[in-house]
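> Here is a sequence with its predicted model. Questions after.
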Amino acid sequence: MEHATADRPVDLVTALAHARSAAAPGPDTPAGTPVRAWPGQPRTIPEAGPGELDLRALLHLSLAASDDSGRLRPAPSAGALHPVDAELVVGNGCPLPPGRYGYDPLRHRVHHLGREPHGTPPGVTVELNVTPRRTASHYGHRAWPLMLLDTGHAAAALWLAASTLGLAAPMPRFDGLTQHPLAVMHFTVTQHASGVSPPQAASAPTPGELLTRRSAPPPLTGTPHRDALRAVLTAAVRASDRELAWCAAVGEPKPELVEPAPDGTLRRLAAGEARPTLALWAAGQAWLADAGAVLLAYGCPSDADAPLIRRTHLRAGFAVHLAHLTAVRHGLAARPVGSWQQADLGAALGAAPGRDWIVHGLALGTHSEQGTS
């Protein structure tokens, strides 16, 4: 597994082709520290004053670990390895002095890295990067698509936290043009004419929803109600772009693949049982064959260049995260599924090979084993 560094970017086209192959990863290697070794002394994030952006709450609701192991962060991660690192470019209107900071999610602290760039706007810009060693330690050559998906999930966690806090939060920048950073998000305090922040939107998640969100442990059984499945698919489509297509493999009583229709209903994409094949494609996770349904994002053809690969995987992680929240709101158990090998869905449905690969998935059910993951 070739690791990317600031001066030696990864060959992402080759990395994705290798990840999609049937080759198995080698033995595990040391993952290194769970948090990037930021220089300097850690600093506490101060409480926000009147009119300031609540940076402490934003990070607490999105990226902070809830125990010392780092496993229980609100953003899911393949193998609970959490490769995503966050750097903060702080402008005016924040409880921290302006500057650049590295964030430690285990201790919920920041490290001052230097001055803010000239022209830094008010609020905070969050830059998301990855430490490849963490994910590669277990997944080997399959790591890069997983790290991109993880970054999309982390961006979604930040975006939802901002929504909860009533912050101004445009959609993340997912242009795929740079490897450092992979994603960029900017947050500011939205002011009413009265000078106070607006209340949380009715559709925004509560802090409790964000902090208790977990990937349900398998098995996930029980076919979701059609209305719930439609809502989950709709959330995914709205959060992605036209470079990704979406469908769901449904189990009993009538196994089939369904997709969103232009009128908002679900229509049949293909008849027949797809879940056992999906279980084989998803690193042999046999429990998927009995999942109530499996949401699928697909696209990213074999000839995709590095920007398209980054863009589609980042967007897929972002969309599946929002779809997961929708699933939970509809009483469903849900678990993201990110590792896919030889998963050429288009070819399996009779289309040209190499055009429509599965990029990400979300297993759904009405029942799950007790516990959290």
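Nice, thanks for sending it over.
> which residue packs closest to C94, ignoring adjacent ones?
Once flanking residues are discounted, C94 sits nearest to L53: 5.1 Å by C-beta to C-beta, 6 or more residues apart in numbering. All C-beta spots, glycine's among them, are computed from the backbone N, C-alpha and C.
> and the residue lying closest to I45 once chain neighbours are set aside, what does it touch?
Ranked by C-beta to C-beta, 6+ apart and with sequence neighbours excluded, the top spatial neighbour of I45 is R56, at 4.3 Å. R56 makes contact with I45, P46, E47, A48, P95, H108, according to C-beta atoms under 8 Å, 6 or more residues apart in numbering.
> Swap in 10 Å and give it another go.
With contact set as C-beta atoms under 10 Å, 6 or more residues apart in numbering, R56 has these partners: T44, I45, P46, E47, A48, A64, P95, L96, H108, V110.
> quick one: low-confidence parts of the stretch 101-250 of the chain?
191-202 (pLDDT under 70).
> And the helices in it?
132-139, 143-165, 207-212, 226-239 (DSSP state H, counting those that start in this stretch).
> Out of those helices, indicate the one that is most buried.
Among the helices of the stretch 101-250 of the chain, the stretch with the highest mean neighbour count (mean count of other C-beta atoms under 10 Å) is helix 143-165, at a mean of 27.
> so where do the helices sit in the stretch 251-373 of the chain?
275-281, 306-329, 345-348.
> nearest to R242, of those?
For the helices of the stretch 251-373 of the chain, the distance to R242 is smallest for helix 306-329, at 10.3 Å, taking C-beta to C-beta.
> That closest one vs helix 226-239, what angle?
Orientation of helix 306-329 against helix 226-239 (axes from the mean of the first three to the mean of the last three C-alpha atoms, to 10 degrees) gives an angle of 150 degrees.
> In helix 306-329, which residues are buried?
Residues 306, 308-328 are the ones in helix 306-329 that count as buried (16 or more other C-beta atoms under 10 Å).
> that older thread, would you tell me which of the helices of the stretch 251-373 of the chain gets closest to L81?
Short answer: helix 306-329, nearest of the helices of the stretch 251-373 of the chain by C-beta to C-beta, at 14.5 Å.
> Using PDB, write out every CA atom in the closest one.
The C-alpha coordinates for helix 306-329 follow below in PDB (Å, rounded to 0.1, in the frame of the first residue of the first chain):
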ATOM      1  CA  ALA A 306      -8.300  11.200  -9.500                       C
ATOM      2  CA  PRO A 307     -10.600  14.200  -9.000                       C
ATOM      3  CA  LEU A 308     -13.600  12.200 -10.000                       C
ATOM      4  CA  ILE A 309     -12.600   9.400  -7.700                       C
ATOM      5  CA  ARG A 310     -12.200  11.800  -4.800                       C
ATOM      6  CA  ARG A 311     -15.400  13.700  -5.600                       C
ATOM      7  CA  THR A 312     -17.700  10.600  -5.900                       C
ATOM      8  CA  HIS A 313     -16.400   8.900  -2.800                       C
ATOM      9  CA  LEU A 314     -16.500  12.000  -0.600                       C
ATOM     10  CA  ARG A 315     -20.000  12.700  -1.800                       C
ATOM     11  CA  ALA A 316     -21.100   9.100  -1.200                       C
ATOM     12  CA  GLY A 317     -19.800   9.200   2.400                       C
ATOM     13  CA  PHE A 318     -21.600  12.500   3.000                       C
ATOM     14  CA  ALA A 319     -24.900  11.200   1.500                       C
ATOM     15  CA  VAL A 320     -24.900   7.900   3.300                       C
ATOM     16  CA  HIS A 321     -24.300   9.700   6.600                       C
ATOM     17  CA  LEU A 322     -27.400  11.800   6.000                       C
ATOM     18  CA  ALA A 323     -29.300   8.800   4.800                       C
ATOM     19  CA  HIS A 324     -28.300   7.000   8.000                       C
ATOM     20  CA  LEU A 325     -29.900   9.700  10.100                       C
ATOM     21  CA  THR A 326     -33.100   9.500   8.100                       C
ATOM     22  CA  ALA A 327     -33.200   5.700   8.600                       C
ATOM     23  CA  VAL A 328     -32.900   6.100  12.300                       C
ATOM     24  CA  ARG A 329     -35.600   8.700  12.400                       C
END
